[in-house]
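Chemist: Give me a model of this one.
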Amino acid sequence: MIRGTIFHELLNLPFYLLDVKGSPSVTYPIKKLPFGNHPRQYCLVIESATTPKAWIVYWHGGGWQFGSPEQFQKTANAWLEAGYGVIIPSYRRLPWYDFRAIRRDTIDALVACRHYWEENNGDPSPPVVLLGMSAGGHLAAITGLDAGIWQQAGWQSEQIKGVIACGAVLDLSMMKNNPVIRLLAGSPQRATFSKANPSAQLAVFTAHIPPFLLIHGTKDGMVPYQAATNFQKRLQEIPSAACELITMQEGTHLDAARWMFHDTPLRQRIIARAEEWTNTAI
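Modeler: I've put the predicted structure just below:
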């Protein structure tokens, strides 16, 4: 099977899921935090007994259709060991709901986070790093760039310390004929398409842009590597904006997330970057 094709990615998906299943279980308490009546409208909250020094909000992958926070709760381990708390939001899914509902759920999830932090840690606006893989990377990027999301949620811009996007869908225009993208955002002529497109949000964003860290493989068979390089180039053209791209040579789509389940130099580098962000005042 040719590396860098969707067929290669699908063929290797069962092995990736076995990798996830075989990684260490979470040993910290896990709480379910609902923010709506739909069964998908909830977050998982994972933290130790001590107050976290900062928080990771992580959206898992799955094409805005598949997976659950429970399935990917093991991604929290590396961050918990480093002293962070982790929240994993869910949301209503394609094909029954499109980006408009997902954006609404994202706002409501952030409201629930704010209330949780205030009630349990005494601080409604702790430092946060947004993290996501694939479709989740898209949502992390949109949350960091769409000021309307965090403003409606009552968040402060300075509390978003950075965005880590792994194999993320950062430019919908490069995938405009993909049927999943059409389900998510409609045709490129629709306002929803632009609203859902992180690259398009760069043109209208007026608030502080958090620093970005992108992890992307050159043989990604689902999201073109050029989407990451184009996004980085556009972001770097904006004064005061910062974007670092970690290129995984011959890396596939799923390779962009494997660091979450294994203690590797890549994991250490990513956590070190988050440490720099959360220790730096804006």
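
Chemist: Run through this protein and note the low-pLDDT ranges.
Modeler: Applying pLDDT under 70 to the chain flags the ranges 1, 206, 280-282.

Chemist: can you give me the strands in it?
Modeler: 30-34, 42-46, 55-59, 85-89, 128-133, 160-166, 212-217, 243-248 (DSSP state E).

Chemist: Contacts for the last one next, please.
Modeler: Okay, so that is strand 243-248. 211-218, 225, 228-229, 231-232, 235-236, 255-256, 266, 269-270, 273 (C-beta atoms under 8 Å, 6 or more residues apart in numbering). Heads up, the C-betas are built off the backbone N, CA and C, glycines and all.

Chemist: buried set for stretch 192-207?
Modeler: Using 16 or more other C-beta atoms under 10 Å as the test for burial, stretch 192-207 gives Phe193, Ser194, Lys195, Ala196, Asn197, Pro198, Ser199, Ala200, Gln201, Leu202, Phe205.

Chemist: Among these, name the ones in helices.
Modeler: Of the positions in those, Phe193, Ser194, Lys195, Ala196, Pro198, Ser199, Ala200, Gln201, Leu202 sit in helices, assigned by DSSP state H.

Chemist: coming back round to it: buried ones among the contacts of strand 243-248?
Modeler: Among those, those scoring as buried are 211-218, 225, 228-229, 231-232, 235, 255-256, 266, 270, 273 (criterion: 16+ other C-beta under 10 Å).

Chemist: close enough to count as contact, Trp59 and Ala141?
Modeler: No - Trp59 lies out of contact with Ala141 (C-beta atoms under 8 Å); the separation is 9.8 Å.

Chemist: shared neighbours of the two, which are they?
Modeler: Common neighbours of Trp59 and Ala141 (C-beta under 8 Å, 6+ apart) are Gly132.

Chemist: So the two - more neighbours on which side?
Modeler: Trp59 (32 against 28; other C-beta atoms under 10 Å).

Chemist: Columns distance to Pro69 on top of the strands of the chain, output as a markdown table?
Modeler: A markdown table is the format used below for these (distance: least, C-beta to C-beta, whole Å):
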| stretch | distance to Pro69 |
| --- | --- |
| strand 30-34 | 9 |
| strand 42-46 | 4 |
| strand 55-59 | 9 |
| strand 85-89 | 4 |
| strand 128-133 | 12 |
| strand 160-166 | 16 |
| strand 212-217 | 21 |
| strand 243-248 | 25 |
